[in-house]
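S.K.: Using only what follows, build the 3D model:
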Amino acid sequence: MNLYWSVLTVLLLLAITAPVALAFGFAGASAARSAFAPLRWLGKLYMAVVRGIPDIAFFLFFVIALDQGIEYLRQKALCPDWDEPLRQGSDFIVCPAAKMPLNTASQWVHEAYGFTLAVVTFAIVFGAFAANVLYGAMRAVPKAQLETAAAYGLSPRQTFRRILIPQMWVYALPGLGNLWMVLIKATPLLFLLGVEDIVYWARELGGSKTARFSDYPHPDWRMWYFLALLVFYLFVTHLSEKLLARVMARLTLGQATTGGEAQRKAA
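M.R.: Next up is the predicted model:
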């Protein structure tokens with residue numbers, strides 16, 4: 001049953017992380033093209049720094065830093081009289097009331113907290129890649145259309161909302177589709193964040209059955225569990241490709257793009 005629940009955990013992570021990462025990406029891309037220089041520098045710095053760090057290194061560092069940062073703020077708010085040093089050797093020790101989550105909390109609270117950290121970490125990492133894709137898509141929209149909108153009296157905000165955003169998705173969707181595929185394949189990194197995902201339970205169940213039924217002709221049951229994982233991920237990616245193709249066909253309808261021209265000729 002833990003294996004089945006882990007499948008739902010992976011699907012829930014994808015369902016939550018994708019829109020959150022897209023929101024991070026949209027905010028980063030909008031900041032990167034802002035006329036306000038500090039905001040523009042911040043958006044480009046976010047894209048450059050996060051994309052330049054290996055995912056595993058960022059996952060291992062950011063989760064620890066975020067967890068300790070939350071406990072540090074709780075320590076200052078809940079235990080102002082605590083006089084022991086927070087760092088004692090390699091340990092980070094706070095008062096019991098500042099622990100996140102509390103030691104007395106239920107198991108589901110610990111799991112929900114770890115899952116939330118995973119969502120935030122995935123969203124920040126893939127949000128940086130999404131920001132780069134959206135930034136390029138915004139720049140791909142013909143400048144003449146933006147100038148025409150300004151000539152008709154639209155404000156910069158109206159031009160951004162009514163002209164730029166609707167048309168940029170045509171250019172952004174191929175890159176976002178590839179990013180979605182990478183996100184699917186990156187879900188086994190949940191194990192690094194302390195979440196018992198589908199890969200973890202496949203290895204555990206395969207290993208336990210291998211030890212119990214060692215006299216079978218093929219004693220290593222992990223091969224069959226990992227084969228099931230291969231089929232699962234191939235099914236999810238194949239379904240994603242079908243959905244992305246339909247969305248792309250819908251977005252290119254009537255657009256001055258190669259896809260839109262092919263649809264006009266077919267019609």
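S.K.: The stretch 1-150 of the chain: strands as residue ranges?
M.R.: Counting by DSSP state E, counting those that start in this stretch, the stretch 1-150 of the chain has strands at residues 87-88, 91-92.
S.K.: my guess is Cys95 meets Ala77, correct?
M.R.: No - using C-beta atoms under 8 Å, Cys95 is not in contact with Ala77, being 10.8 Å away. (Glycine included, C-beta is placed from N, CA and C.)
S.K.: got JSON lines for the strands of the stretch 1-150 of the chain, with mean pLDDT too?
M.R.: Compiled in JSON lines, those are given as follows (pLDDT from 0 to 100):
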{"stretch": "strand 87-88", "mean pLDDT": "78"}
{"stretch": "strand 91-92", "mean pLDDT": "78"}
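S.K.: Show me the one of those strands that comes nearest Phe62.
M.R.: strand 91-92 (15.1 Å; C-beta to C-beta).
S.K.: on that earlier part again, who wins for proximity to Ile70 among the strands of the stretch 1-150 of the chain?
M.R.: Nearest of those (C-beta to C-beta): strand 91-92, 11.4 Å.
S.K.: now the closest one: how far from the chain's centre is it?
M.R.: Distance of strand 91-92 from its chain centroid, counting by C-alpha atoms, centre = their mean, to the nearest Å, is 28 Å.
S.K.: partners of it in the sheet?
M.R.: Sheet pairing of strand 91-92 (DSSP bridges) gives strand 87-88 (antiparallel).
S.K.: ok, back up a step: neighbour count for Cys95 and Ala77, which is higher?
M.R.: Cys95 (16 against 10; other C-beta atoms under 10 Å).
S.K.: mind listing what the more buried one touches?
M.R.: Applying C-beta atoms under 8 Å, 6 or more residues apart in numbering, we find Cys95 in contact with 75, 78-79, 82.
S.K.: Name the nearest of these relative to Thr187.
M.R.: Gln75 (32.7 Å).
S.K.: Hmm, that closest one is touching Glu84, no?
M.R.: No - when contacts are counted by C-beta under 8 Å, Gln75 is not listed as touching Glu84 (10.3 Å).
S.K.: When the two are compared, which one has more neighbours?
M.R.: Ranked by neighbour count (other C-beta under 10 Å), Gln75 and Glu84 place Gln75 first, with 20 against 9.
S.K.: So that one versus Ala105, what's the distance?
M.R.: 17 Å (C-beta to C-beta, to the nearest Å).
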